[in-house]
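**Q** After the sequence you'll find the predicted model.
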Amino acid sequence: MTPANDTFLRALRREPVTHTPVWLMRQAGRYLPEYNATRAKAGSFLALAQDPELCAEVTLQPLARFPLDAAILFSDILTVPDAMGLGLSFATGEGPRFARPLHDEARVRALTVPDMGALRYVFDAVACIKRALAGRVPLIGFAGSPFTLACYMIEGSGSDDFGRVRRMAYARPDLLDRIVDINAQAVTAYLDAQVAAGADALMLFDTWGGLLTRSAYERFSLRPMRAILGALRPLHDGARVPTIVFTKGGGGWLDAIAACGASAIGLDWTVDLAAARARFGASVALQGNLDPLVLTTDPETVAREAAAIVRAAGPEPGHVFNLGHGIVPATPPANVAALVETVHNVSREILRAGRP
Ligand code: CP3
């Protein structure tokens, strides 16, 4: 069934639209008081993520406030390594932590693709959100990239430099190959199941690929992402379920990323959007790329910076407006309202003027 508002899917396919679709990474999150209330009711972030009904509730919260053009599954990328038995927890005020990280070779050797039954709560959440959306806007399913998952699995937590991971890339590339290949198989099955449960588009979050050298990025991040996209496509036909690949810090390698087989490439705020559109706009859609910190200023500044991005993207089909990374908790919701309104209004003007 085509959603009532399919602007987001049309833009990913580089079809004409009457306004630029907009959604925001982490649009359901701590900047919304109603999110914090639901999380308190659930008891913790993980309890929330494991309750399909509450996942549907928080997924729809930003849509009740702002006319966003897509919803994103409320979950986390680290559900997959948790299902692999690494033991995920989130301490309040800190990031994620694994009880059994891949700190030695024996653990890497023992790693296997998990039974998707262990992730059933995620697929139930997708189905629950789909019912709650009732076809208003498309639902984005997602997973972490094999390399970004490996970063947390090897390090055991977040890190400033992911030193263990980068040392492994140089000293034991065979072990890192094994981890990302198993992750790629797991992510393929995970995304297939999200589509079966109702996801309309898929996004791979490669938050840490930009830490690597060019050749290590090809081997440990882009290659396994390409493998996922290749394995998904025969099942879902890339045209029907569009895909987005977002490598934060990947701006220098856009030529390779644009050819990876995804429908769209996510850009962080360091990339010149107009130049990227001129160079790659005929072959892939582009998603981005407002600095999330802009949303912590004031509505006038937000409107000015958002309009600049809509103008930089220009009238050609294939732009999805987003931030260059996740929304930060200090964002006043009024600034998000100003952002969405500006993107819709300015893009309507530009697209009207651009039509012959
Ligand atoms: O975008 C959305 O609204 C969908 C939900 C979503 C979350 N995490 C919810 C979440 C998505 C798409 C993610 C992806 C994710 N998770 C990534 C890749 C994207 C990125 O941000 O770089 C990564 C690296 C993670 C791992 C993760 N989860 C970290 C490092 C943290 C803690 C950092 C932080 O922001 O506090 C989380 C927790 C998390 N995931 C929160 C949310 C809303 C905050 C937890 C809370 O409510 O306390």
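**A** Great, that's in hand. Numbers count the residues shown, from 1 in each chain.
**Q** What are the buried residues along stretch 342-356?
**A** Thr342, Val343, His344, Val346, Ser347, Ile350, Leu351 (16 or more other Cβ atoms under 10 Å). Yep, even glycine has a C-beta here, placed from its N, CA and C like the rest.
**Q** Let's have the residues you listed in CSV, adding pLDDT.
**A** Rendered in CSV, the data for these read as follows (pLDDT from 0 to 100):
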residue, pLDDT
Thr342, 98
Val343, 98
His344, 98
Val346, 98
Ser347, 98
Ile350, 96
Leu351, 94
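**Q** where do the helices sit along the stretch 101-250 of the chain?
**A** Secondary structure of the stretch 101-250 of the chain, counting by DSSP state H, counting those that start in this stretch: helices at 105-110, 120-133, 146-155, 163-171, 173-197, 214-217, 223-236.
**Q** tell me what the longest one is packed against?
**A** Helix 173-197 sits against helix 79-81, helix 105-110, helix 120-133, strand 139-144, helix 146-155, helix 163-171, strand 201-206, helix 223-236, with contacts defined as 3 or more Cβ pairs under 8 Å, 6 or more residues apart in numbering; DSSP states H and E.
**Q** Please identify the most buried of these.
**A** Mean neighbour count (mean count of other Cβ atoms under 10 Å) peaks for helix 146-155 among these, with a mean of 27.
**Q** just checking, what packs against it?
**A** Judged by 3+ Cβ pairs under 8 Å, 6+ apart, the packing partners of helix 146-155 are helix 79-81, strand 96-98, helix 163-171, helix 173-197, strand 201-206, helix 223-236.
**Q** Over to the closest residue to the ligand within the stretch 251-356 of the chain. Which of the three states is it?
**A** Using Cβ to the nearest ligand atom, Gly326 is the residue of the stretch 251-356 of the chain that sits closest to the ligand, at 4.2 Å. Under DSSP: H, G, I helix; E, B strand; the rest coil, the three-state class of Gly326 is coil.
**Q** Kindly report the same for the one 5 residues further on.
**A** Following three-state DSSP, Thr331 is assigned to coil.
**Q** how about it, what does it touch?
**A** Taking Cβ atoms under 8 Å, 6 or more residues apart in numbering as the contact definition, Thr331 lies against Tyr31, Pro292, Leu295, Thr296.
**Q** which parts of the stretch 201-350 of the chain sit against the ligand?
**A** Counting by Cβ under 6 Å from any ligand atom, the stretch 201-350 of the chain comes close to the ligand at Phe205, Thr207, Gly326.
**Q** contacting residues for the last one?
**A** The contact partners of Gly326, taken as Cβ under 8 Å, 6+ apart, are Met25, Arg26, Gly29, Pro292.
**Q** Surely the third one and Ile327 touch.
**A** So the one you mean is Gly29. Yes. With contacts defined as Cβ atoms under 8 Å, Gly29 counts as touching Ile327 at a distance of 6.2 Å.
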